[in-house]
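A.B. asks: using only what follows, build the 3D model:
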Amino acid sequence: MLTVSVPERPAWPVLQGLRGLGPGDLGADVFAGLTLAAIAIPEQMATARLGGFAPQTGFFAFAAASLGFAVFGSNRLLSAGADSTITPIFAGSLAVMAVAGSPQSALFAAVLALMVGVMLAVAGLLKLGWIADLLSTPVITGFLAGIGLHIVLSQAPAVLGLPEVAGDVYRRLWGLATDLSGVNLWSMAIGLGVFAGVFALERINRRLPGALIALVVATLATTTLGLSRHGVAVLGPVAPGFPRLALPHPDLDKALPLVGLAFVLALMVMVQTAATTRAFSAEGGDPDVDRDFVGLGAANVLAGLVGAMPVNASPPRTAIVAQSGGRSQLAGLAAAVAVLLMAAFGTPLLANVPVAALGGTLLIVAQRIFHLDTFLDILRRTRAEFALATLTMVLIIALPIQTGVAIGIILSLAHGVFTITRVRPIPFERAPGSTVWWPASPPLAGETLPGVLVMGFQAPLSFLNAHDFRRGMLERIAAGAGSIRLIVLEASSIVEIDFTAALILSEVIDRAHAAGMDFAVARLESVRAQAEFDRQGVTARLGANHIFQSVDAAIRARLSH
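C.D. replies: Numbers count the residues shown, from 1 in each chain. Alright, predicted model coming up:
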């Protein structure tokens, strides 16, 4: 029996998403692929329009992304293509550089895809998957909410049958406010009807191609009732064809401003790809996030070479593949073939698609990524991080999106740094009747020993918090002068120590010795911290017989001297 066999971890692994595929899996993958295509066709059309591009751009982006990821990616279920999460980020910037829908705008989009692809591939090859964890959940939640509101604002004219207004969010809001008297009720009925229809069908069965069904119904209604005569805008003629490979050649001075935008996009793709590949790791296997970055890099490079737009991993479409019984990347390839056939031979069917229907499809996308339940959960748990999520959302809305994203990244990192800097050394007590030493807590009264002070520090020790560590320890040393014989630092949480912190810890040890106190370290479990203790001279300052595996062992050994 013929099977496709791919080595698990060769030096340059390709086609990992097809490994283990046998003839018995073909039927399931083809079915999943056709289901995926039915979902992707209206979604890719709508996303292309969100970026100001023709429907073919979305089709070509999907096909290129599916092929690129199938060859170089690892995840067997992940679906990639044009994505409504990242499209608003670059659409506004491209609109400033060139007229939306113009050849120049398409050129810049292709160049941007190439840049993003190279950055992702380099990140994957250098195993920089940890970068995807730099954005906290509140920041990501606020970012997605802001993008969702941008999508609603951008599609409101199409759904309401109003003329589109170019410019920033404030100009578009003013344009909507001044044009509301001209709302086309037929367009509004179509747009909101598509939204309601897709919403209802998804609640019945997520594998149903709700967007395609709603789009077909809206198109038939528009054609049958002659709604274009009543002011309902339709797509009009769509040129058929297959994608062609070509290397875009922009002027260097015009391409350079795209580098910063490409970096922001690459980071957002990394975050979404990491989340998708971890959530949909087939058969419980270990997700290879770095290899999937390479796959998305190849997907973006290929999208750029066919003149399409930057692409991203899609959690909803990946979920469709999983729910439809997909076994491998053959499902994505089958969907790509179906989408390409639509681009080449099915474009006459698209001429009467109402623009409002595509707007309604994107309203569904906005509803999916505005995670109100997560906002409320964050509010219940921590008001500070709820404020962070809300601030990120406001920044995404109020500022140019790429600026808001950049500030959101800075806020996420600043929040992480702030959390580390808030750590202080705290006293530990022994749980009664045990050898467990635990942070002192009024509800759980513990034991202390005469002449012994056990202190813990529950974070990596670095320049960010070393001075507060020094201040807290010296206060305890001063307060215990004449009564404390031994200080034990419980170091189970000190997984790292840098140069500044090592100097300060050495100073604290010296000050304890000067006050007539012995100093020991217990439970220094981190291999990295142990190595740094040796390298930075802390071990020599303590003495090798002053580092112990438990607090009790330290107390017994040092008090016996």
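
A.B. asks: the most centrally placed residue in the chain: what secondary structure?
C.D. replies: Among the residues of the chain, the one closest to the centroid is V271, at 2.4 Å (CA atoms, centre = their mean). Recorded secondary structure, V271: helix (DSSP: H, G, I helix; E, B strand; the rest coil).

A.B. asks: relative to A387, how far out is it?
C.D. replies: Remark: distance between V271 and A387 (CB to CB, to the nearest Å) = 21 Å. C-betas here are computed from N, CA, C, even on glycine.

A.B. asks: per-residue confidence at T276?
C.D. replies: Looking at T276, its pLDDT reads 89.

A.B. asks: that one touches S314, doesn't it?
C.D. replies: Yes - if you go by CB atoms under 8 Å, T276 and S314 touch, sitting 7.3 Å apart.

A.B. asks: residues near the residue nearest to F370 when sequence neighbours are not counted, how many?
C.D. replies: Closest residue to F370 apart from its sequence neighbours, by CB to CB, 6 or more residues apart in numbering: G148 at 3.9 Å. For G148, the neighbour count with other CB atoms under 10 Å is 25.

A.B. asks: for this protein, longest helix please?
C.D. replies: Ordering each helix of the chain by length in residues (DSSP state H) puts helix 23-50 first.

A.B. asks: what about that one, distance to the chain center?
C.D. replies: 23 Å (CA atoms, centre = their mean, to the nearest Å).

A.B. asks: residues contacting V294?
C.D. replies: For V294, the contacting residues are 72-73, 120-121, 124-125, by CB atoms under 8 Å, 6 or more residues apart in numbering.

A.B. asks: err, V271, not the other one
C.D. replies: So V271 contacts 132, 135, 140 (CB under 8 Å, 6+ apart).

A.B. asks: repeat the analysis, applying 10 Å as the threshold.
C.D. replies: 85, 131-135, 139-140, 143, 312-313, 409 (CB atoms under 10 Å, 6 or more residues apart in numbering).

A.B. asks: how far away is L395 from G146?
C.D. replies: From L395 over to G146 (counting by CB to CB), the distance is 7 Å.

A.B. asks: quick one, which of these two is more surrounded?
C.D. replies: Higher neighbour count among L395 and G146: G146, with 27 against 20, using other CB under 10 Å.

A.B. asks: surely the more buried one meets A398?
C.D. replies: Yes - counting by CB atoms under 10 Å, A398 is a contact partner of G146 at 8.9 Å.

A.B. asks: can you pull the residues that touch both of the two?
C.D. replies: Jointly contacting G146 and A398 under the rule CB under 10 Å, 6+ apart are G404.

A.B. asks: can you pull out the low-pLDDT segments for the stretch 351-500 of the chain?
C.D. replies: Residues of the stretch 351-500 of the chain meeting the criterion pLDDT under 70: 443-444.

A.B. asks: just to revisit the earlier point, overlap in contacts, L395 and G146.
C.D. replies: 401, 404-405, 408.

A.B. asks: could those residues go into TSV alongside distance to A65?
C.D. replies: Formatted as TSV, the shared contacts of L395 and G146 follow (distance: CB to CB, whole Å):
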residue	distance to A65
I401	21
G404	25
V405	21
G408	25
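
A.B. asks: quick one: contacts for V339?
C.D. replies: 33, 36-37, 40-41, 44, 58-63, 66, 81, 346.

A.B. asks: how about 8 Å then?
C.D. replies: By CB under 8 Å, 6+ apart, the neighbours of V339 are 37, 40-41, 44, 59, 62-63.

A.B. asks: nearest to A246, of those?
C.D. replies: Lowest distance from A246 to those (CB to CB) belongs to A63, with 15.4 Å.

A.B. asks: send me the strand or helix carrying that closest one as PDB with only the CA atoms.
C.D. replies: Secondary structure assigned from DSSP states H and E places A63 in helix 55-72. Below are the C-alpha coordinates for helix 55-72, written out as PDB (Å, rounded to 0.1, in the frame of the first residue of the first chain):
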ATOM      1  CA  PRO A  55     -11.400  39.600  -5.000                       C
ATOM      2  CA  GLN A  56      -8.700  37.800  -6.900                       C
ATOM      3  CA  THR A  57      -6.100  39.200  -4.500                       C
ATOM      4  CA  GLY A  58      -7.800  37.400  -1.700                       C
ATOM      5  CA  PHE A  59      -8.100  34.200  -3.700                       C
ATOM      6  CA  PHE A  60      -4.400  34.300  -4.800                       C
ATOM      7  CA  ALA A  61      -3.300  35.100  -1.200                       C
ATOM      8  CA  PHE A  62      -5.200  32.000   0.100                       C
ATOM      9  CA  ALA A  63      -3.800  29.700  -2.500                       C
ATOM     10  CA  ALA A  64      -0.200  30.900  -2.100                       C
ATOM     11  CA  ALA A  65      -0.500  30.700   1.700                       C
ATOM     12  CA  SER A  66      -1.900  27.200   1.600                       C
ATOM     13  CA  LEU A  67       0.800  26.000  -0.700                       C
ATOM     14  CA  GLY A  68       3.700  27.800   1.100                       C
ATOM     15  CA  PHE A  69       2.600  26.500   4.500                       C
ATOM     16  CA  ALA A  70       1.900  23.000   3.300                       C
ATOM     17  CA  VAL A  71       5.500  22.700   2.000                       C
ATOM     18  CA  PHE A  72       7.400  24.400   4.900                       C
END
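
A.B. asks: partner strands of the helix or strand following that helix, with direction?
C.D. replies: Heading C-terminal from helix 55-72, the first helix or strand you meet, by DSSP H and E, is strand 80-81. Strand 80-81 pairs in its sheet with strand 312-313 (antiparallel), by DSSP bridges.

A.B. asks: need the next SSE after the partner strand, C-terminal direction.
C.D. replies: In N-to-C order, the element after strand 312-313 by DSSP H and E is helix 315-323.
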